[in-house]
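In: Structure for this input, please:
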Amino acid sequence: MTIEKHEVAVETKIFTQEEVNEIVKKRLARERKKSAELIRQLSDYIQVLSEGGE
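Out: Residues are numbered from 1 along each chain as shown. A predicted model of the protein is given here:
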């Protein structure tokens with residue numbers, strides 16, 4: 001089995017500070033949403049355990 005290698009030219013992109021801020025803002029919002037969902041699930045699980053269920 002052979003593995004083919006392909007070279008791809010990628011242009012360096014310089015972002016403005018405004019673009020960087022927007023990217024970071026979107027990433028943080030996405031991470032906060034994930035964290036909130038995990039916290040909700042954990043809270044539900046703790047509630048079930050505290051009620052003696054599984």
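In: Quick one: neighbours of Ile3, just the number.
Out: For Ile3, the count of nearby residues is 4 (other CB atoms under 10 Å). C-betas here are computed from N, CA, C, even on glycine.
In: so is it in a helix, a strand, or just coil?
Out: What DSSP: H, G, I helix; E, B strand; the rest coil gives for Ile3 is coil.
In: I'd like to know how far it sits from Val24.
Out: When distance is defined by CB to CB, to the nearest Å, Ile3 is 36 Å away from Val24.
In: how close does Ala9 get to Arg32?
Out: Distance of Ala9 to Arg32, given as CB to CB: 36 Å.
In: Okay, helices next: where are they in the protein?
Out: 17-50 (DSSP state H).
In: can you tell me which residue is nearest the centre of it?
Out: Most central in the chain under CA atoms, centre = their mean is Glu31, positioned 4.8 Å from the mean C-alpha point.
In: and Ser43, how many residues sit next to it?
Out: Ser43, neighbours per other CB under 10 Å, totals 10.
In: Then the one 4 residues further on?
Out: Around Gln47 sit 10 other residues, with neighbours defined as other CB under 10 Å.
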